[in-house]
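Colleague: sequence plus predicted model, see below.
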Amino acid sequence: MERYRDEEAFMQQHIETMEVATRGRDFIDVTAEIAHRLKAVRAGNGLLTLFIRHTSASLTIQENADPDVRHDLVNALDRLAPESAGYVHDIEGPDDMPAHIKTMLTDTHLAIPVSKGRMVLGTWQGIYVVEHRARPHQRDVVIHFAGEIGTG
(Lines give C-alpha, C1' and ligand atoms only; values in the text may rest on other atoms or scores of the structure.)
Protein backbone atom coordinates (compact mmCIF):
# COMPACT_ATOMS: atom_id res chain seq x y z
CA MET A 1 0.00 0.00 0.00
CA GLU A 2 1.33 3.41 -0.96
CA ARG A 3 1.31 6.02 1.78
CA TYR A 4 1.11 9.72 1.12
CA ARG A 5 4.08 11.35 2.90
CA ASP A 6 4.99 14.47 0.94
CA GLU A 7 4.21 17.32 3.32
CA GLU A 8 5.12 19.88 0.63
CA ALA A 9 2.56 18.59 -1.86
CA PHE A 10 -1.09 19.54 -1.74
CA MET A 11 -4.16 18.69 -3.73
CA GLN A 12 -4.64 20.63 -6.93
CA GLN A 13 -7.41 20.45 -9.49
CA HIS A 14 -7.65 20.44 -13.24
CA ILE A 15 -10.94 20.64 -15.13
CA GLU A 16 -11.61 20.68 -18.86
CA THR A 17 -14.27 19.61 -21.33
CA MET A 18 -13.64 17.04 -24.05
CA GLU A 19 -15.90 16.91 -27.10
CA VAL A 20 -16.77 13.47 -28.45
CA ALA A 21 -18.35 13.05 -31.88
CA THR A 22 -20.62 10.02 -32.03
CA ARG A 23 -21.85 8.10 -35.06
CA GLY A 24 -25.17 7.01 -33.62
CA ARG A 25 -25.89 4.11 -31.28
CA ASP A 26 -22.45 2.87 -30.25
CA PHE A 27 -19.72 2.65 -27.61
CA ILE A 28 -16.89 5.12 -28.28
CA ASP A 29 -13.59 4.29 -26.56
CA VAL A 30 -12.16 7.45 -24.97
CA THR A 31 -9.57 5.76 -22.73
CA ALA A 32 -6.48 6.81 -24.72
CA GLU A 33 -7.66 10.42 -25.08
CA ILE A 34 -8.29 10.74 -21.35
CA ALA A 35 -4.89 9.17 -20.57
CA HIS A 36 -3.28 11.67 -22.95
CA ARG A 37 -4.97 14.58 -21.17
CA LEU A 38 -3.84 13.32 -17.75
CA LYS A 39 -0.28 13.10 -19.08
CA ALA A 40 -0.50 16.62 -20.54
CA VAL A 41 -1.29 18.12 -17.10
CA ARG A 42 1.35 15.89 -15.48
CA ALA A 43 -1.14 14.23 -13.13
CA GLY A 44 0.36 12.30 -10.22
CA ASN A 45 -1.75 10.51 -7.61
CA GLY A 46 -5.39 11.50 -7.25
CA LEU A 47 -8.93 10.93 -8.40
CA LEU A 48 -10.31 11.38 -11.90
CA THR A 49 -13.99 12.18 -12.25
CA LEU A 50 -15.73 12.11 -15.62
CA PHE A 51 -19.18 13.57 -16.21
CA ILE A 52 -21.19 13.57 -19.44
CA ARG A 53 -23.46 16.59 -19.82
CA HIS A 54 -26.34 14.82 -21.54
CA THR A 55 -29.42 12.76 -20.68
CA SER A 56 -29.42 10.56 -23.77
CA ALA A 57 -25.78 9.43 -23.69
CA SER A 58 -23.76 7.93 -20.87
CA LEU A 59 -20.37 6.79 -19.61
CA THR A 60 -19.30 3.29 -18.71
CA ILE A 61 -16.25 1.18 -18.01
CA GLN A 62 -16.43 -2.00 -20.05
CA GLU A 63 -14.45 -4.74 -21.77
CA ASN A 64 -11.96 -3.30 -24.26
CA ALA A 65 -10.65 -6.48 -25.90
CA ASP A 66 -13.55 -8.02 -27.82
CA PRO A 67 -15.79 -5.61 -29.80
CA ASP A 68 -18.53 -8.27 -29.76
CA VAL A 69 -19.13 -7.38 -26.10
CA ARG A 70 -20.02 -3.79 -27.01
CA HIS A 71 -22.20 -4.98 -29.90
CA ASP A 72 -24.07 -7.32 -27.54
CA LEU A 73 -24.44 -4.54 -24.95
CA VAL A 74 -26.03 -2.21 -27.52
CA ASN A 75 -28.49 -4.99 -28.40
CA ALA A 76 -29.20 -5.75 -24.72
CA LEU A 77 -29.94 -2.09 -23.99
CA ASP A 78 -32.26 -1.99 -27.03
CA ARG A 79 -34.16 -4.99 -25.60
CA LEU A 80 -34.41 -3.34 -22.16
CA ALA A 81 -35.72 -0.06 -23.60
CA PRO A 82 -37.24 -0.71 -27.03
CA GLU A 83 -38.43 2.14 -29.25
CA SER A 84 -41.80 0.42 -29.71
CA ALA A 85 -42.87 0.54 -26.04
CA GLY A 86 -45.44 3.32 -26.53
CA TYR A 87 -43.76 6.09 -24.52
CA VAL A 88 -45.58 9.38 -23.97
CA HIS A 89 -42.37 11.43 -24.44
CA ASP A 90 -41.54 11.27 -28.15
CA ILE A 91 -41.09 14.94 -29.10
CA GLU A 92 -37.53 14.30 -30.36
CA GLY A 93 -38.32 11.01 -32.06
CA PRO A 94 -38.92 7.37 -31.13
CA ASP A 95 -35.33 6.83 -29.93
CA ASP A 96 -35.37 9.69 -27.40
CA MET A 97 -37.24 8.18 -24.44
CA PRO A 98 -35.42 4.84 -24.77
CA ALA A 99 -32.15 6.84 -24.72
CA HIS A 100 -33.15 8.47 -21.41
CA ILE A 101 -33.91 5.05 -19.92
CA LYS A 102 -30.59 3.63 -21.13
CA THR A 103 -28.73 6.57 -19.57
CA MET A 104 -30.51 5.90 -16.28
CA LEU A 105 -29.47 2.23 -16.47
CA THR A 106 -25.84 3.09 -17.15
CA ASP A 107 -24.52 6.38 -15.71
CA THR A 108 -23.55 9.98 -16.36
CA HIS A 109 -20.40 9.97 -14.21
CA LEU A 110 -17.40 7.81 -13.32
CA ALA A 111 -14.72 8.05 -10.63
CA ILE A 112 -11.34 6.44 -11.36
CA PRO A 113 -8.30 6.40 -9.09
CA VAL A 114 -5.06 7.67 -10.61
CA SER A 115 -1.66 6.41 -9.43
CA LYS A 116 1.60 7.90 -10.70
CA GLY A 117 -0.29 9.60 -13.51
CA ARG A 118 -2.03 6.46 -14.77
CA MET A 119 -5.66 5.48 -14.42
CA VAL A 120 -6.02 2.39 -12.24
CA LEU A 121 -8.14 0.36 -14.66
CA GLY A 122 -8.25 -3.41 -14.96
CA THR A 123 -6.39 -5.18 -17.75
CA TRP A 124 -9.43 -5.45 -20.03
CA GLN A 125 -11.23 -2.25 -19.02
CA GLY A 126 -11.80 0.79 -21.20
CA ILE A 127 -13.76 4.00 -20.72
CA TYR A 128 -16.61 4.53 -23.16
CA VAL A 129 -19.04 7.23 -24.14
CA VAL A 130 -22.24 5.37 -24.92
CA GLU A 131 -24.42 7.03 -27.54
CA HIS A 132 -28.02 5.95 -27.08
CA ARG A 133 -29.54 7.98 -29.93
CA ALA A 134 -29.76 6.66 -33.50
CA ARG A 135 -28.18 9.68 -35.19
CA PRO A 136 -24.72 11.25 -34.61
CA HIS A 137 -24.27 13.82 -31.84
CA GLN A 138 -21.56 16.00 -30.36
CA ARG A 139 -21.19 15.03 -26.68
CA ASP A 140 -19.38 16.93 -23.92
CA VAL A 141 -17.47 15.05 -21.24
CA VAL A 142 -16.17 17.06 -18.29
CA ILE A 143 -12.80 15.78 -17.06
CA HIS A 144 -11.94 16.69 -13.47
CA PHE A 145 -8.71 15.58 -11.85
CA ALA A 146 -8.06 16.25 -8.16
CA GLY A 147 -4.65 15.37 -6.77
CA GLU A 148 -0.99 15.98 -7.48
CA ILE A 149 -0.36 18.02 -10.62
CA GLY A 150 3.03 18.64 -12.17
CA THR A 151 4.52 15.47 -10.70
CA GLY A 152 3.57 12.81 -13.22
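Modeller: That came through, no problem.
Colleague: ok, for T22, nearest residue in space, not its chain neighbours?
Modeller: Nearest residue to T22, sequence neighbours excluded (CB to CB, 6 or more residues apart in numbering): E131, at 3.8 Å. For the C-beta atoms, the positions are set from N, CA and C on the backbone; glycine is no exception.
Colleague: can you give me the helices for this protein?
Modeller: 31-40, 67-80, 96-105 (DSSP state H).
Colleague: for this structure, what's the longest strand?
Modeller: strand 138-149 (DSSP state E).
Colleague: buried residues, that one. List them.
Modeller: For strand 138-149, a neighbour-count test (16 or more other CB atoms under 10 Å) marks R139, V141, I143, F145, A146, G147, E148, I149 as buried.
Colleague: residues contacting D29?
Modeller: In this structure, D29 makes contact with N64, G126, I127, Y128, judged by CB atoms under 8 Å, 6 or more residues apart in numbering.
Colleague: can you tell me how far it sits from S56?
Modeller: Distance of D29 to S56, given as CB to CB, to the nearest Å: 19 Å.
Colleague: next step: the contacts of D29 restricted to strands.
Modeller: Those of the contacts of D29 lying in strands (DSSP E): G126, I127, Y128.
Colleague: Q138: what's it in contact with?
Modeller: E19, V20, A21, T22.
Colleague: for the chain, give me the ranges with low pLDDT.
Modeller: Scanning the chain for pLDDT under 70 picks out the ranges 1-10, 152.
Colleague: re earlier: in CSV: the helices of the chain, plus distance to T49.
Modeller: Output for the helices of the chain, formatted as CSV (distance: least, CB to CB, whole Å):
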stretch, distance to T49
helix 31-40, 11
helix 67-80, 23
helix 96-105, 17
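Colleague: just to revisit the earlier point, which of the contacts of Q138 ranks first by neighbour count?
Modeller: Highest neighbour count within the contacts of Q138: T22, with 19 neighbours (other CB atoms under 10 Å).
Colleague: was I right about that residue contacting V129?
Modeller: Yes: contact status for T22 versus V129: in contact at 6.8 Å, counting by CB atoms under 8 Å.
Colleague: residues shared between the contacts of the two?
Modeller: In contact with both T22 and V129: I28, A57, R139, using CB under 8 Å, 6+ apart.
Colleague: neighbours of the closest residue to the first one other than its chain neighbours, how many?
Modeller: Closest residue in space to I28, ignoring its immediate chain neighbours: V129 at 4.5 Å, by CB to CB, 6+ apart. As a burial measure, the neighbour count of V129 was computed by other CB under 10 Å and equals 24.
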